[in-house]
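> heads up, no residue letters with this:
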């Protein structure tokens, strides 16, 4: 099974998926040897390890080189924290995402929103958007499992266990961190 399929399957297991953060090849190797089944990169850790502050201050090609090296050495799936895509231009962001995807990274983490309908599509049940909303509404650890990032297809915030004001604040805070 390829790493992308393996990583996707990990999200449907009864066992909780822990995704530790690596900041360089050595830290990824240590995490893999410790038995983690998948590894994420951390924008802060990667930037600091390269001598920069966080917030897309490293060159995208440096991130790409690190990811390429990690994927060639590490045997478990790797997700990549691409912050805001290393550009303000949507075309460049798209190209950057494709460059990382072409390396066979298992996931790309950017501070983006999803809709209940898009999640229903992702799990091959396009008419189950209400069921998705109900399941998300029962999430007991919302900030760790970021259900606050799921909004209505109309663009409205939608419901949230701790209130729409808090949900809006969390989305706004994340957006400010991503845009830097």
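The structure has been received and is ready for your questions. Source: prediction; values computed, not measured.

> need the contact list for residue 27.
In this structure, residue 27 makes contact with residue 45, judged by CB atoms under 8 Å, 6 or more residues apart in numbering. (Each C-beta comes from the backbone N, C-alpha and C, glycine too.)

> next, it: phi, psi?
Note on residue 27: backbone dihedrals following degrees, to the nearest 10 are phi -60, psi -40.

> would you map out the domains in the protein?
The record, using automatic domain parsing to delimit domains, assigns the chain the ranges 3-110, 114-179.

> check those for me: which has the lowest mean pLDDT.
Lowest mean pLDDT within those: domain 114-179, at a mean of 74.

> and it, how far from the chain's centre?
14 Å (CA atoms, centre = their mean, to the nearest Å).

> ranking the domains of the chain by burial, who's on top?
Stretch with highest mean neighbour count among the domains of the chain: domain 3-110 (a mean of 16; mean count of other CB atoms under 10 Å).

> list the residues that contact the residue sitting furthest away from the middle of the chain.
Note on the chain: the largest separation between a C-alpha and the mean C-alpha position, by CA atoms, centre = their mean, falls on residue 127 (24.7 Å). Listed by CB under 8 Å, 6+ apart, the contact partners of residue 127 are residue 120.

> would you mind measuring from residue 86 to residue 46?
In this structure, residue 86 and residue 46 are 12 Å apart, going by CB to CB, to the nearest Å.

> do residue 65 as well
Using CB to CB, we find residue 65 at a distance of 11 Å from residue 46.

> secondary structure element for residue 29?
Assigned by DSSP states H and E, residue 29 belongs to helix 25-33.

> repeat for residue 40
Under the assignment given by DSSP H and E, the secondary-structure element containing residue 40 is strand 39-41.

> how far out from the middle of the chain is that strand?
Computed by CA atoms, centre = their mean, the chain-centroid distance of strand 39-41 equals 9 Å.
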